[in-house]
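# I would like the atomic coordinates for the input below:
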Amino acid sequence: MPQVLDKMGITKNYLLGALFAALLAGVGCHSSQKSATTTLPAQANAPTLTAAASPKPQPATKSQGATKAQSAKPKPAAEEKKASAPAKVQPVQPAPKPDPVGELITQVEREYQAGQENYKAGRLDAAKQSFDRAFNIITGSAPEIRSDERVQGELDRVLDGVNGLQLEDAQASPEPKSEPAPIDEANEITFPVDPNIKAQAEAEIKATHSDLPLMLTDPVVGYINYFSSRGRATLENSLIRGGRYREVIEKILRDEGVPPELIYLAQAESGFHPLALSRVGARGMWQFMSSRAKGYGLQKNQWVDERQDPEKATRAAARHLRDLYNQFGDWYLAMAAYNSGPGTVQSAVRRTGYADFWELYRRNVLPRETRNYVPIIVAVTIMTKNPSQYGLDKVVTDKPVPYDKIKIDYSVDLRLVAGCVDASPETLQDLNPSLLRLTTPKDREFELHLPAGSKEKYITAIATVPREMRVWWRYHNISPEDTLESISRIYRTPAKAIAEANSLNREEKLQSASKIIIPIAPGKHATTEDGATYARRATRYKVRRGDTLQSVANNFAVPTTMVRRWNHLKGNSLQGRRVVYIHLPVTPSISQLRQSSTRKPKEKNSLRTGGDSSLSRHKVKRGETLTSIASTHHTTVAALKRDNGGVATLRPGMILLIKDVR
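Have a look, this model is predicted:
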């Protein structure tokens with residue numbers, strides 16, 4: 001009996017320990033293997049048993065407990081470890097790696113959507129800025145990002161969306177016109193020394209008064225030979241054009257205290273052409289590089305480039321040359337520094353120890369262009385100051401062009417200005433060569449040049465146009481054949497709006513030789529703005545191997561400047577572009593439109609253009625070719641190309657001008 005009691009006591013203690021452990025497990029306490037083991041009293045001399053965490057022990061009678069205790073077997077070590085090990089903690093997932101492509105597309109989408117919202121709200125300038133930022137984000141990204149398929153797809157999508165809008169830029173104009181700088185050609189030439197020319201020049205120099213020292217060297221004689229033969233046309237053209245500016249330039253040079261003979265620097269550099277552009281990017285009559293121009297107060301921004309302003313550029317050049325003379329104490333070195341920079345000349349002087357241009361020339365320590373630069377100017381000076389000896393006395397120079405000045409603080413389109421003063425837009429551009437666009441700057445003052453005697457006329461005419469509409473509205477000179485409806489078609493403006501803006505009765509006949517204002521809605525253009533109208537929806541052209549901007553433009557008979565604008569291209573390369581968007585030309589020029597506007601179409605697909613019965617317009621249908629159209633209209637493929645800007649590829653909806661040759 002004592003033995004049974006001992007056994008039962010042992011079992012009782014074991015069960016109590018197991019129950020306690022199970023309760024701990026039930027409330028979520030995780031114990032180590034050591035703390036989960038219940039050790040029996042030493043006097044029991046019984047095997048050590050492990051209390052399992054599960055299943056939960058059930059209440060039992062003493063006899064049942066004794067039986068389980070006696071029959072219980074130790075668990076395997078692996079199972080024992082599993083039962084007592086703490087619960088596994090789920091590992092923390094690492095943060096996803098940044099996706100630069102996804103981030104870029106998000107930024108692009110944000111700007112694109114902002115542009116869409118601004119466009120719908122009529123805020124065209126803000127819309128353009130948002131769209132430009134969207135394109136700049138893509139084009140300014142790293143090459144490995146920009147070449148990603150997702151980015152290319154986003155670019156195509158955004159371009160497709162923007163080209164689907166009738167979002168035309170009224171303030172954009174063709175790229176700034178430019179003329180090759182004459183000095184670039186002269187720098188490539190090396191002419192032999194003619195002894196007769198040298199002897200003649202030596203005699204002339206002795207009798208020539210000049211505030212600029214004139215030295216006759218073999219390089220100078222070589223360039224006199226060049227300008228007397230191969231370069232004679234260049235010299236004569238510069239003399240002709242120079243008549244327009246000579247008086248103003250020489251006055252500014254005297255005001256700034258420099259020799260008036262420095263005018264020949266501009267003659268040699270640019271031929272007095274305000275739009276001259278060198279191979280290295282020097283621009284204007286005085287061939288300023290952008291950084292140097294900025295240092296002398298010449299502005300350059302998206303609206304103007306004052307390097308092309310004859311008066312402002314002349315004053316800046318005079319001050320720069322004066323500063324260089326003060327630095328070097330020699331006009332030849334000053335001119336050399338004007339060409340290559342003062343640092344280059346200073347370095348040559350320091351290396352040789354000679355502050356003399358001809359010694360530096362002889363030692364060949366100046367750039368080749370600079371070595372030629374001074375002899376070219378000296379040669380031009382000698383020849384121009386002695387015109388009869390070189391047969392230049394018969395050259396008839398241009399007369400100075402007087403003009404009125406008016407300071408304005410609003411943006412106005414030169415085409416509207418031309419209508420105000422009854423001049424051509426080309427005349428206004430010629431008077432304002434610093435303008436890079438057909439509009440004057442926004443939010444800043446600008447000195448607008450007008451034809452002489454037209455200032456008051458302009459002030460009166462422009463007053464009828466609201467300030468905010470001066471880049472959109474136009475004046476129209478009425479021709480005998482004009483009607484409100486025909487004018488409406490030309491300017492894409494409702495006849496009712498034209499009548500209301502001019503207080504006209506829609507039934508009354510327009511008075512020929514009078515002028516009316518045309519209220520063009522922002523974002524729209526007259527069909528006369530660039531000589532042709534383009535389809536509202538863009539055509540997607542898949543870029544092929546070997547395509548260039550020029551070849552694509554030629555293929556569709558559109559200007560390269562328009563292709564750049566439609567596709568936000570900054571240069572001539574199509575590298576990395578899979579698709580180019582083209583708005584196909586669909587209407588002819590203004591003169592043809594005026595003729596056709598007075599006649600009704602004769603055929604659905606062949607539209608006569610007015611008084612000339614041999615001239616018609618053909619709308620290209622799917623499947624037609626130049627050959628089939630030429631055959632239908634009794635003309636030739638060559639004639640079609642000639643009359644339609646050299647068009648080579650046809651697209652449905654394109655309008656061709658047809659001249660029958662029967």
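# hey, let's count contacts and neighbours off CA atoms from now on
OK.
# can you give me the helices in the stretch 301-450 of the chain?
Counting by DSSP state H, counting those that start in this stretch, the stretch 301-450 of the chain has these helices, from start to end: 310-328, 331-340, 342-352, 357-362, 368-385, 414-421, 425-431.
# Next up, the contacts around residue 332.
357, 374 (CA atoms under 8 Å, 6 or more residues apart in numbering).
# Take the helices of the stretch 301-450 of the chain and lay them out in a markdown table including distance to residue 242 and mean pLDDT.
Below are the helices of the stretch 301-450 of the chain laid out as a markdown table (distance: least, CA to CA, whole Å; pLDDT from 0 to 100):
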| stretch | distance to residue 242 | mean pLDDT |
| --- | --- | --- |
| helix 310-328 | 11 | 97 |
| helix 331-340 | 20 | 96 |
| helix 342-352 | 28 | 96 |
| helix 357-362 | 28 | 95 |
| helix 368-385 | 11 | 93 |
| helix 414-421 | 26 | 96 |
| helix 425-431 | 15 | 92 |
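# The ones you listed: which one's closest to residue 455?
Closest to residue 455 of the helices of the stretch 301-450 of the chain is helix 414-421 (CA to CA; 8.2 Å).
# which residues touch that closest one?
Here helix 414-421 has contacts from 424-425, 428-429, 438-440, 451, 454, 457-458, 461-462, 470-471, 473-477, using CA under 8 Å, 6+ apart.
# what sits against the nearest residue to residue 239 once chain neighbours are set aside?
Excluding the flanking residues, the one nearest residue 239 by CA to CA, 6 or more residues apart in numbering is residue 397, at 6.3 Å. With contacts defined as CA under 8 Å, 6+ apart, residue 397 is in contact with 239-244.
# ditto for residue 298
For residue 298, the contacting residues are 305-307, 312-313, 316, by CA under 8 Å, 6+ apart.
# Repeat the analysis, applying 7 Å as the threshold.
Residues near residue 298 by CA atoms under 7 Å, 6 or more residues apart in numbering: 306-307.
# Check residue 548 too.
By CA under 7 Å, 6+ apart, the neighbours of residue 548 are 573-574.
# and with 10 Å instead?
554, 572-575 (CA atoms under 10 Å, 6 or more residues apart in numbering).
# ditto for residue 214
By CA under 10 Å, 6+ apart, residue 214 lies in contact with 205-206, 208, 220, 332, 378-379, 381-382.
# gap between the nearest residue to residue 449 once chain neighbours are set aside and residue 650?
The spatially closest residue to residue 449, leaving aside those adjacent along the chain, is residue 405, at 4.8 Å (CA to CA, 6+ apart). According to CA to CA, to the nearest Å, residue 405 and residue 650 sit 48 Å apart.
# higher neighbour count, those two?
residue 650 (20 against 15; other CA atoms under 10 Å).
# Which residue comes closest to the more buried one once chain neighbours are left out?
residue 625 (6.8 Å).
# Report how many residues lie close to the one you found.
Applying other CA under 10 Å, I find that residue 625 has 16 neighbouring residues.
# now residue 281
12.
# So it is in contact with residue 289, correct?
Yes - with contact defined as CA atoms under 10 Å, residue 281 counts as touching residue 289 (6.6 Å).
# related to what we said a few turns ago, so which of the helices of the stretch 301-450 of the chain is the most surrounded?
Comparing these by mean neighbour count (mean count of other CA atoms under 10 Å), helix 414-421 ranks first with a mean of 24.
# send the alpha carbons of that one over as PDB?
Only the C-alpha atoms of helix 414-421 are listed here, as PDB (Å, rounded to 0.1, in the frame of the first residue of the first chain):
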ATOM      1  CA  LEU A 414       4.700  91.600 -86.100                       C
ATOM      2  CA  ARG A 415       2.000  90.500 -88.600                       C
ATOM      3  CA  LEU A 416      -0.500  92.600 -86.600                       C
ATOM      4  CA  VAL A 417       2.000  95.500 -86.500                       C
ATOM      5  CA  ALA A 418       2.400  95.200 -90.300                       C
ATOM      6  CA  GLY A 419      -1.300  95.500 -90.700                       C
ATOM      7  CA  CYS A 420      -1.400  98.500 -88.400                       C
ATOM      8  CA  VAL A 421       1.200 100.500 -90.500                       C
END
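# starting at the chain centroid, how far to that helix?
26 Å (CA atoms, centre = their mean, to the nearest Å).
# Run through the residues that contact the residue lying closest to residue 138 once chain neighbours are set aside.
What sits nearest to residue 138 in space, not counting adjacent residues and going by CA to CA, 6+ apart, is residue 146, at 6.4 Å. Applying CA under 10 Å, 6+ apart to residue 146 gives the contacts 101, 104, 137-140, 152, 155, 576.
# Repeat the analysis, applying 8 Å as the threshold.
Contacts for residue 146 (CA under 8 Å, 6+ apart) come out as 138-139, 152.
# Of all the helices of the stretch 301-450 of the chain, which one is nearest residue 233?
Once the helices of the stretch 301-450 of the chain are compared by CA to CA, helix 368-385 is nearest, at 12.9 Å.
# Now do the closest one: which elements does it pack against?
On a contact count with 3 or more CA pairs under 8 Å, 6 or more residues apart in numbering; DSSP states H and E, helix 368-385 meets helix 182-187, helix 195-206, helix 218-228, helix 263-270, helix 331-340.
# Can you flag the weakest of those by average pLDDT?
Lowest mean pLDDT of these: helix 182-187, a mean of 74.
# what residues are up against the residue lying closest to residue 319 once chain neighbours are set aside?
The shortest distance from residue 319 to any non-neighbouring residue, by CA to CA, 6+ apart, is to residue 256 (6.6 Å). Counting by CA under 8 Å, 6+ apart, residue 256 touches 315, 318-319, 322.
# which one of those is nearest residue 266?
Closest approach to residue 266 among these (CA to CA): residue 318, at 10.8 Å.
# Do I have it right that the closest one meets residue 253?
Yes - using CA atoms under 8 Å as the test, residue 318 is close enough to residue 253 to be in contact (5.9 Å).
# got a pLDDT number for the residue nearest to residue 138?
75.
# for residue 38, same thing?
Note on residue 38: pLDDT of 37.
# Same check on residue 303?
Residue 303 is assigned a predicted lDDT (pLDDT) of 85.
# what's around residue 139, how many residues?
Neighbours of residue 139 under the rule other CA under 10 Å: 16.
# go on, residue 112?
As a burial measure, residue 112 scores 25 neighbours (other CA under 10 Å).
# Okay, and it sits in which element?
Here residue 112 sits within helix 100-120, counting by DSSP states H and E.
# helices and strands around that helix, which ones?
Judged by 3+ CA pairs under 8 Å, 6+ apart, helix 100-120 is in contact with helix 124-139, helix 149-163.
# can you list those in a markdown table and add mean pLDDT?
Shown next, in a markdown table, are these (pLDDT from 0 to 100):
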| stretch | mean pLDDT |
| --- | --- |
| helix 124-139 | 77 |
| helix 149-163 | 76 |
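# So which of those is the most surrounded?
Most buried among the helices and strands packed on helix 100-120, counting by mean count of other CA under 10 Å: helix 124-139, with a mean of 19.
# Centre of the chain to that helix, how far?
On the basis of CA atoms, centre = their mean, helix 124-139 sits 11 Å off its chain's mean C-alpha point.
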